[in-house]
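Visitor: When you get a sec, could you give me coordinates for this:
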Amino acid sequence: MAENKILNPRWTNIVERLGLTMADKNFTRQVLQIVSSIPTGKLMTYSSVAKKAGSPRAYRAVGNILNRNYREQEWQLPVIRGQIIPCHRVIRADGQIGNYAKGIKAKEELLEKEGHVVDNHEIKLINLV
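Guide: Reported below is the predicted structural model:
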């Protein structure tokens, strides 16, 4: 089962339990790397992350991957190489902030701290990467 080994050996057990294929792991790695490169004060949409990762119609998969980024449960994805993935910087294409593992209020607060104006769960004056 050597094919299931990726960056971190802890992933092997997680990958087996979630039933991920090699393509799923590569897509997940790409999504996390793309999102980790979003600078403070900038945003990307779920669909633009999916497109940049090579699967333009996989925007829901991007949301699911990012939802597992927050490590409160054993099954959730580990932080890559000690780097926190700023998944709060990914929003919906319609300007709505979307969901967040720690709750919508926490996502709004993080976005506001980074200079975004949030009104009724929607970003005003979107500053996309």
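Visitor: I'd like the next helix or strand past the longest helix seen in the chain.
Guide: Across the chain, the helix with the greatest residue count (assigned by DSSP state H) is helix 22-36. Later in the chain than helix 22-36, the nearest helix or strand by DSSP states H and E is strand 44-45.
Visitor: Quick one: residues contacting residue 89.
Guide: Residue 89 makes contact with 35, 38, 42, 43, 44, 111, 114, according to Cβ atoms under 8 Å, 6 or more residues apart in numbering. In this view, the C-beta of every residue, glycine as well, is placed from N, C-alpha and C.
Visitor: Turn those residues into TSV, including pLDDT and neighbour count.
Guide: Shown next, in TSV, are the contacts of residue 89 (pLDDT from 0 to 100; neighbours: other Cβ atoms under 10 Å):
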residue	pLDDT	neighbour count
35	92	22
38	92	19
42	94	16
43	95	22
44	96	20
111	93	20
114	92	16
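Visitor: Show me which of these is closest to residue 28.
Guide: Checking these against residue 28 by Cβ to Cβ gives residue 35 as the nearest, at 10.9 Å.
Visitor: Grab the nearest non-local neighbour of the closest one.
Guide: Among residues not flanking residue 35 along the chain, residue 85 sits closest, at 5.3 Å (Cβ to Cβ, 6 or more residues apart in numbering).
Visitor: quick one: that neighbour is in a strand?
Guide: No - assigned with DSSP: H, G, I helix; E, B strand; the rest coil, residue 85 falls outside any strand and is coil.
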